[in-house]
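Visitor: Whatever this is, show me its structure:
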Amino acid sequence: MSVLVRAWRVRGAAAAVVQGFRTLQFPSQRQARTHASDARKKSDQEWRAALSPLEYDVLRCGGTERPFTGEYTAFYPDSGHFACKGCETPLYSAQSKFESSCGWPAFDKAYAGSVRLRVDSSHGMTRWEILCAGCDGHLGHVFSGERYTETSQRHCVNSVSVIYGPDPVDQDETAFDFAQYGDGKDTN
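Guide: The predicted structure is shown next:
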């Protein structure tokens, strides 16, 4: 793979593509929160203009990318974080990412308050859908009890719904306490 380095401005945040991986750096967490509140106000037309067709299908319509095709599936950085592609809210640290062989990036915990859960009863099964708390974008699904990590949770996330940032985020990470969501209602 050739090394591709290209920089541009994204809503005031410096972004770069390095070695084929999209990265995003935030000048401040306050700026990321501002983008998140602006994202909730976007119209469908604005979302379509801001996202690729696949990103729109996943983030706004709850679609899923094909397994083992995402750019972050086999990407394991030593540091940094993964943020929402729709609103730049930091979601997961690089340290929470692990190999699960499920075909999508897997994380075992999220930054506190960055994601919320909703019951998804599609496809003849009941699962917990992960949504970005900043823009309500669909990220994937969370599964528990698989014992891959100490949290025994696997946040199965679509690569197209996130973007990697090389800078660490100083924020606590937590696993979900499913006992509090036992009634099947939204976590928001």
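
Visitor: Might you report the residue contacts of residue 151?
Guide: Residue 151 sits next to 108-109, 175 when contact means Cβ atoms under 8 Å, 6 or more residues apart in numbering. Heads up, the C-betas are built off the backbone N, CA and C, glycines and all.

Visitor: how close does it sit to residue 57?
Guide: 29 Å (Cβ to Cβ, to the nearest Å).

Visitor: With residue 153 instead?
Guide: Taken as Cβ to Cβ, the span from residue 153 to residue 57 is 25 Å.

Visitor: cool, residue 101 as well?
Guide: On the measure of Cβ to Cβ, residue 101 and residue 57 end up 24 Å apart.

Visitor: So which of those two has more stuff around it?
Guide: residue 57 (17 against 9; other Cβ atoms under 10 Å).

Visitor: phi, psi of that one?
Guide: Main-chain torsions, residue 57, degrees, to the nearest 10: phi -60, psi -40.

Visitor: check which helix or strand covers the nearest residue to residue 89 once chain neighbours are set aside.
Guide: Once flanking residues are discounted, residue 89 sits nearest to residue 134: 3.5 Å by Cβ to Cβ, 6 or more residues apart in numbering. Residue 134 is part of no helix or strand, with elements assigned from DSSP states H and E.

Visitor: shift numbering so it begins at 57
Guide: With the count now opening at 57, the last piece we talked about shows up as residue 190.

Visitor: Have a look at the protein and report the helix or strand with the lowest mean pLDDT.
Guide: Least confident element among the helices and strands of the chain, by mean pLDDT, DSSP states H and E: strand 62-66 (a mean of 28).

Visitor: Identify each buried residue in stretch 213-225, please.
Guide: 213-222, 225 (16 or more other Cβ atoms under 10 Å).

Visitor: swap in stretch 112-122?
Guide: 112-116, 118-121.

Visitor: now swap in stretch 133-142 and tell me
Guide: For stretch 133-142, a neighbour-count test (16+ other Cβ under 10 Å) marks 133, 136-142 as buried.

Visitor: rewinding a little: which of the contacts of residue 207 has the most neighbours?
Guide: residue 164 (22 neighbours).

Visitor: now the helices for the protein?
Guide: Using DSSP state H, the helices assigned to the chain run over residues 85-95, 100-106, 109-117.

Visitor: Now tell me which of those helices the model trusts least on average.
Guide: Per-segment mean pLDDT for these reaches its minimum on helix 85-95, at a mean of 48.

Visitor: sorry, back to before: just put the contacts of residue 207 in a markdown table and tack on pLDDT.
Guide: Below are the contacts of residue 207 laid out as a markdown table (pLDDT from 0 to 100):
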| residue | pLDDT |
| --- | --- |
| 164 | 92 |
| 165 | 92 |
| 231 | 81 |
